[in-house]
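Q: this one's structure only:
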């Protein structure tokens, strides 16, 4: 029986349900990648996050105490800082190597924009938590707004990204579309 008769879940039941969600998500993600369908995992991830938030309300007991929240906040800040430094260094290196392979330039730009977006989202959420107390309804709206923003970003990247590039086939560089830059100077293998 998943939920007790008094409509509350124990912490152990909630952790089992969470583990089940992770397993199902892993299966869906792997199958979606195999079949080259990327919208299904995004939708399933958003739906499962919402279901887990609703189930979390049914848990009777303490999931985390103040120390856990403090440690989580410190580790999140450190993770963001480490990612920002590594992504920035990688971006400069890849951007510097764009003459060797022009495909490095979009990777560098993606790293730069993802780092900026991560820092912006962190700053907005930090300012929000610093000034307002989140109620359950506000949390759901915040999660939906962030999910909608990422969905729009993914769709717009797919729609507006150029397909003009050079492709390596059988040892020679071939045009794909109408690239605005010359063929890479490195040997095609």
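A: Great, that's in hand. Worth saying up front: this structure is predicted, and the values here are computed from it rather than measured.
Q: Where in this protein is the helix or strand with the lowest mean pLDDT?
A: helix 136-160 (a mean of 72; mean pLDDT, DSSP states H and E).
Q: which of the residues in that helix are buried?
A: In terms of neighbour count (16 or more other Cβ atoms under 10 Å), helix 136-160 has its buried residues at residue 147. Bear in mind the C-beta positions are built from the backbone N, C-alpha and C, glycine included.
Q: same check, this time on stretch 167-185
A: Residues of stretch 167-185 classed as buried by neighbour count (16+ other Cβ under 10 Å): 173, 179, 184.
Q: From the residues you listed, which land in helices?
A: Residues of the buried residues of stretch 167-185 located in helices (DSSP state H): none.
Q: Just put the residues you listed in CSV and tack on pLDDT.
A: Below are those laid out as CSV (pLDDT from 0 to 100):
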residue, pLDDT
173, 83
179, 76
184, 80
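Q: now, among these, which is nearest to residue 93?
A: Closest approach to residue 93 among those (Cβ to Cβ): residue 184, at 16.9 Å.
Q: Tell me the pLDDT of the closest residue to that closest one other than its chain neighbours.
A: Sequence neighbours aside, residue 101 is the residue nearest to residue 184 in space, at 4.9 Å (criterion: Cβ to Cβ, 6 or more residues apart in numbering). You'll see residue 101 listed with a pLDDT of 84.
Q: close enough to count as contact, residue 101 and residue 187?
A: No - the pair residue 101 / residue 187 is not scored as a contact, 11.0 Å apart, by Cβ atoms under 8 Å.
Q: residue ranges for the strands of this structure, please.
A: Assigned by DSSP state E, the chain shows strands spanning 165-169, 172-176.
Q: Provide the contact partners of the first one at residue level.
A: Same thing as strand 165-169. Contacts of strand 165-169 with the rest of the structure, by Cβ atoms under 8 Å, 6 or more residues apart in numbering, involve 102-103, 173-177, 179, 183-184, 188-189.
Q: Let's see that with 6 Å instead.
A: 173-174, 176, 179, 183, 188 (Cβ atoms under 6 Å, 6 or more residues apart in numbering).
Q: Make JSON lines out of these and add distance to residue 75.
A: Output for the contacts of strand 165-169, formatted as JSON lines (distance: Cβ to Cβ, whole Å):
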{"residue": "173", "distance to residue 75": "45"}
{"residue": "174", "distance to residue 75": "47"}
{"residue": "176", "distance to residue 75": "43"}
{"residue": "179", "distance to residue 75": "43"}
{"residue": "183", "distance to residue 75": "45"}
{"residue": "188", "distance to residue 75": "44"}
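Q: what's the longest helix in the chain?
A: Counting by DSSP H, the longest helix found in the chain is helix 66-96.
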